[in-house]
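*Asks:* What follows is a protein structure lacking sequence information:
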């Protein structure tokens, strides 16, 4: 289904069959962008609820010349499950839990990578509290590996059921996990994170209406964003210290990316540099620097940059992440590569523009 | 209803009662902004179909401290028609024609200023062609004065029924009328006009969805924009020469304003300067300059700037207009002032910011 | 010098003569915008170092029809000091201290309102630390009133020497002063503030170069922004509790406005509402709401909005301010009105647009 | 010099040595982005006048992990000319003509691809008229092949001296060449083109100062843009009909991309579709559609999209191009591939994001 032109000349490796459930939303579209040039992927079918039968590259004109074929129905995807080795799931909250268990039951060898919020913790009560409904497949929760690649790499190799972290969760995980590991995450933790409008999805809303967003800043879900559920759950696997995250999500006037700020009133900039270099020094997709990174450095890419700044006795940690890149599709590809046995960065080593 | 704080100390003139039909859309909101500081206006009621009972300054927080009270129903407005001297109508296409005739019939002394497209020409067939439906009050069309203030000033003094021009129409009128008057509008006329997203109204659409609009440019309604109906009708009152306008509307990545470009292959820059200075030299809200104006000079204001540029034997005419300002609410206030006998610029002499 | 057209018909009050030192920067330009429609102001001269002799409305085309005349030299301003009752000073840091003392010495009846950072505290050592140079007129520091209008109103009535707060300082003052007064400002205080590009002034820099700023977010002067000097000095006049502000300034991809976030880990949302309503309940230019305000509500206006949000036992305080409006020129006009004996909001009651 | 990580595992083809003169400007930076993942390129040195000795990935942080090493001096580049098979030249106008001839004289086997305006026509008088100075190497002009890939492909295979088209020129060439070939380019031709701010380069200017550009539109170099020189020269090789292009360049509030509009008052939309499909039907990097393309479809990519719209007897042609992509670095890589004997799209088949 992927156009031949999208594959580099000389690529003659064995391919794995891939299907996508939900390919017309922004996360799904970004995933298709990466899959279309992944040297090991044979993209076999893509569903899109409301676009069945429409050409993929008519709905997503950026993919002209890269992806052929049309969106199929969920029904057809189910019938063609046998063709694929891996399925990416980019469905709205609450839908993955209706779909994945039965598919995984019948096809236990297929690798499922869920990009939604349904399987990210083993905490059905927390799910109810943050997502507002009873989990329909609670017994499946413990079977999923949480796909925070840089920390769960070992668990992800060969995994069949992967819950890909949320966009804000990715940047909070990247920012807070090293502190937790270093025993520096305790007490009140103060975090501000600003996201671009693509984080709200492709359905037009008043808060993403251009005239009202174009020069605006506002906060929302103050202290109660649902990604706190998975972040706190994960961090507690790293540290037994008590902490309470005060997280203020904000909407900024740009389309892509997340910029987060974490205060470390008791860790100075030198200490921070040591902690974060030790955590990410060897990473291909995460880098660490002194001072503040620019958000634009990661827009359109699967990379994150952490910056540490401050004084001798107190500091601040910044993290920039593309909500659709490392915060969604990029990390999903990392996890796919690990699960399928490919090099972790396969298909991801594309630099973004300077402007 | 207007807050006292909104009226300057010392203003002790007699006020006229004003009502607004449709005050929660962008044109209506901008109109309320001007009305709230107009020294001769007593704002008595404002309708908003879907917001009846909601505080105006809750729906439009920019008006906190300037407008008190809540949106009322159309029913209540009808019952309170006797309180007002003038009614501004900012309803969707097709609705004004359902509402104004019966109100005007029963209250012939009230000045109605329709900001929609229903009564801008005496051409029901054209209306059907461009707006896609039969006009429901065609016999009322000839009773309306077309509110292109700078050219129809005499007709507007004391008028009771005024059809305020559309936003693109305003800038096209300003750009083309002087040429028509000078006998220089004939043959093929080429015009490109770019508008901001507020021109599409306050209802979220895919084309005004921030992630898809924020850095985008595209064209739409190519050669067939409905404002051509009123522009061509008006221009034909100024000139009997044959002309054909090729107008390409475009959507730009900004919230407010219109930038138009008109080619004059047979009129050089000196000739243009003469023509436009002669047309607008004495205007308070329209100015003329050599070279290109900046769109931002008029954003948030009721003013337009025309620029003439080019060479000795060929030229280009630019016009910048705020689609909500001079292109809608500003011109409506000009026309209101003329109809009610106030100085034309009353309530409009507010400068915009430099940035 | 102000054009007649800029003054409303019927305004026949006695005017005061006003001069401006530094009228071509963004703060100065915004000041001229307000002055041009202030009903009590007769604008007599405006200097601009590099633009002497150029028409003001050629340099600032938004003021066409509102301000006449040309920029003059500092020399000429000095010679014409006798004509004015008040002088606004919008010069770069370090320059006001060279200019104001000698002018104020010779013309002790003139009201000087300095919009720069030179006279905002009585702390020459702090000045050296934050601004990097020795203060050239330290003995004048105690003679200035700090122009945080809402708290220093009594001192401002009739004052002759006023130091107008900085833009970030204004929004930090508004956010933190009520907490200090309520005895709730102690220990570590965490603040993030994002500013638009106009906050960096009108001289092009790499960090305000459009291709690199248009979709970017970054932090700068992390924990060490110079406005902390005046904010801490002022807050210490309200409370003797110990506190340490951790302030992270950020650059956002918009032109105007500041959005700040303050964490209150020990004050819940109800308590916050009480504290801020009690502080600002009667203010004309500062309002308080539940939840997050939108930055765009104040862009282009002299108003600030505070929002309180959170849970029963912890909260967050937001503040939106236009850095050129309430954060500079707007507050300067408030202070001018108080010093000259006019109603505090004279010339400031103009609503902004909804979009 | 290119980091190993930037080359895909398994790429074992023979590499060619490449040097870059001027790698820190926006065109140069975009070129490095493409070169860093080009499977046949061994990037050996990059100059940057003012950055000699600075790490490339410190100046261009988007290239961290993709390009190693530091910028070198022009002197060093000259000394190491023997190492390379091809040199990209991204210097300001007027500089290439000082540098390339002597280098090419001494190293006649090296392929030089000049991205500046110095060698795009064989018309020294035109150069003087549009660029304002005498050409310093006029005798070299006829030796360069004009790198409009889609039309000059045959001349580019094996070429040693290539003049890459300008950004506006690329989109005008793409839009007008098919008309010229079809005998439909005659008389007055009306074109409007809007460019993003990166087209002005990386040096901050008042017109690219964020506060003044962020929501602005203006025109510049009206009817006299220097790219007309190369466009008219090239079009005259396709057609002997007389035509006169009226081209209005405009600055838009976005960072990347060009949107152009061409009127065809005598060619209807069906005719246009035939003409453009026939011209570009088989192209990998240029596509043709009915209606208007969206600019964002090509931002960040080496692709252009043409759209044809209109009525039976008249039409409009749109073209969207990334000024840094197909309008500069992308086309330079196409030409490099042709000159060196690689597949034309080698290293260029990367899709952009949907948003």
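*Replies:* Alright, I've got the coordinates. On a predicted model such as this, the values are computed, not experimentally measured, just so you know. Residues are numbered from 1 along each chain as shown, chains lettered A, B, ... in the order given.
*Asks:* for chain A, which spans come out with low pLDDT?
*Replies:* Across chain A, the ranges flagged by pLDDT under 70 are A:2-12.
*Asks:* the strands in it, which residues?
*Replies:* Taking DSSP state E, the strands of chain A run over residues A:16-21, A:41-46, A:86-89, A:111-114, A:145-146, A:161-163, A:187-195, A:218-219, A:243-251, A:258-264, A:286-290, A:304-310, A:315-321.
*Asks:* Let me see the ranges of the helices in the stretch 151-300 of chain A.
*Replies:* For the stretch 151-300 of chain A, the helices identified by DSSP state H, counting those that start in this stretch occupy A:167-181, A:210-213, A:227-236, A:269-280, in order along the chain.
*Asks:* How about the stretch 1-150 of chain A?
*Replies:* In order along the chain, the stretch 1-150 of chain A carries the following helices (DSSP H, counting those that start in this stretch): A:26-35, A:56-59, A:74-79, A:96-106, A:124-131, A:149-156.
*Asks:* coming back round to it: tell me which of the strands of chain A sits most buried.
*Replies:* When you average the neighbours per residue for each of the strands of chain A (mean count of other C-beta atoms under 10 Å in any protein chain shown), strand A:315-321 leads with a mean of 28. Yep, even glycine has a C-beta here, placed from its N, CA and C like the rest.
*Asks:* Adjacent strands (with direction) for it?
*Replies:* strand A:258-264 (antiparallel), strand A:304-310 (antiparallel) (DSSP bridges).
*Asks:* Between these, which one is closest to residue D:77.
*Replies:* Of all the strands paired with strand A:315-321, it is strand A:304-310 that lies closest to residue D:77, at 30.3 Å by C-beta to C-beta.
*Asks:* I'd say residue A:344 and residue A:338 touch.
*Replies:* Yes: distance between residue A:344 and residue A:338: 5.7 Å, which falls inside the contact criterion (C-beta atoms under 8 Å).
*Asks:* re earlier: is it possible to get JSON lines of the helices of the stretch 1-150 of chain A that adds distance to chain C and mean neighbour count?
*Replies:* Formatted as JSON lines, the entries for these read as follows, by distance: least, C-beta to the nearest C-beta, whole Å; neighbours: other C-beta atoms under 10 Å in any protein chain shown:
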{"stretch": "helix A:26-35", "distance to chain C": "16", "mean neighbour count": "27"}
{"stretch": "helix A:56-59", "distance to chain C": "24", "mean neighbour count": "20"}
{"stretch": "helix A:74-79", "distance to chain C": "35", "mean neighbour count": "15"}
{"stretch": "helix A:96-106", "distance to chain C": "28", "mean neighbour count": "18"}
{"stretch": "helix A:124-131", "distance to chain C": "13", "mean neighbour count": "16"}
{"stretch": "helix A:149-156", "distance to chain C": "23", "mean neighbour count": "18"}
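*Asks:* Residues of the stretch 251-355 of chain A that sit close to chain D?
*Replies:* Selection of the stretch 251-355 of chain A residues close to chain D by C-beta under 8 Å from any C-beta of the partner chain yields A:255-256, A:284, A:287, A:293-294, A:297, A:300-301, A:303, A:305, A:324, A:343, A:345-346, A:349-355.
*Asks:* Quick one: end-to-end distance for stretch A:33-51.
*Replies:* One end of stretch A:33-51 to the other measures 18 Å (C-alpha to C-alpha, to the nearest Å).
*Asks:* is any part of it close to chain D?
*Replies:* Yes: using C-beta under 8 Å from any C-beta, we find that stretch A:33-51 touches chain D at A:33, A:36, A:37, A:39.
*Asks:* Specify which member of the residues you listed is nearest to chain C.
*Replies:* The shortest gap between chain C and any of those belongs to residue A:33, at 18.2 Å (C-beta to the nearest C-beta).
*Asks:* What about the closest residue in space to the closest one that isn't next to it in sequence, how many residues nearby?
*Replies:* Taking C-beta to C-beta, 6 or more residues apart in numbering or on different chains as the measure, residue A:33 lies nearest to residue D:351, with 5.1 Å between them; neighbours along the chain are not counted. By the other C-beta atoms under 10 Å in any protein chain shown criterion, the neighbourhood of residue D:351 contains 24 residues.
*Asks:* show me what contacts residue D:351?
*Replies:* In this structure, residue D:351 makes contact with A:6, A:33, A:36, A:37, A:62, A:63, A:65, A:66, D:301, judged by C-beta atoms under 8 Å, 6 or more residues apart in numbering or on different chains.
*Asks:* before we move on, what about residue A:98?
*Replies:* The contact partners of residue A:98, taken as C-beta under 8 Å, 6+ apart, are A:136, A:137.
*Asks:* before we move on, what about residue A:162?
*Replies:* Shown here is residue A:162, whose contacts under the criterion C-beta under 8 Å, 6+ apart are A:111, A:112, A:113, A:114, A:144, A:145, A:147, A:156, A:335, A:339.
*Asks:* what bridges to it?
*Replies:* Bridge pairing for residue A:162 (DSSP bridges) gives the partners residue A:113, residue A:145.
*Asks:* Contact residues of chain A facing chain B?
*Replies:* Within chain A, the positions near chain B by C-beta under 8 Å from any C-beta are A:26, A:196-198, A:202, A:204-206, A:208-215, A:253-256.
*Asks:* Just the buried subset of those, please.
*Replies:* If you count burial by 16 or more other C-beta atoms under 10 Å in any protein chain shown, the buried members of the residues of chain A next to chain B come out as A:26, A:196-198, A:202, A:204, A:208-215, A:253-256.
*Asks:* ok, back up a step: would you turn the strands of chain A into TSV with distance to residue D:275?
*Replies:* Written out in TSV, the entries for the strands of chain A read as follows (distance: least, C-beta to C-beta, whole Å):
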stretch	distance to residue D:275
strand A:16-21	37
strand A:41-46	34
strand A:86-89	41
strand A:111-114	46
strand A:145-146	55
strand A:161-163	50
strand A:187-195	45
strand A:218-219	49
strand A:243-251	45
strand A:258-264	45
strand A:286-290	49
strand A:304-310	47
strand A:315-321	45
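*Asks:* Out of those strands, which gets nearest to residue B:161?
*Replies:* Among those, the nearest to residue B:161 by C-beta to C-beta is strand A:218-219 (41.6 Å).
*Asks:* Determine the set of other helices and strands touching the closest one.
*Replies:* The helices and strands touching strand A:218-219, judged by 3 or more C-beta pairs under 8 Å, 6 or more residues apart in numbering or on different chains; DSSP states H and E, are strand A:243-251.
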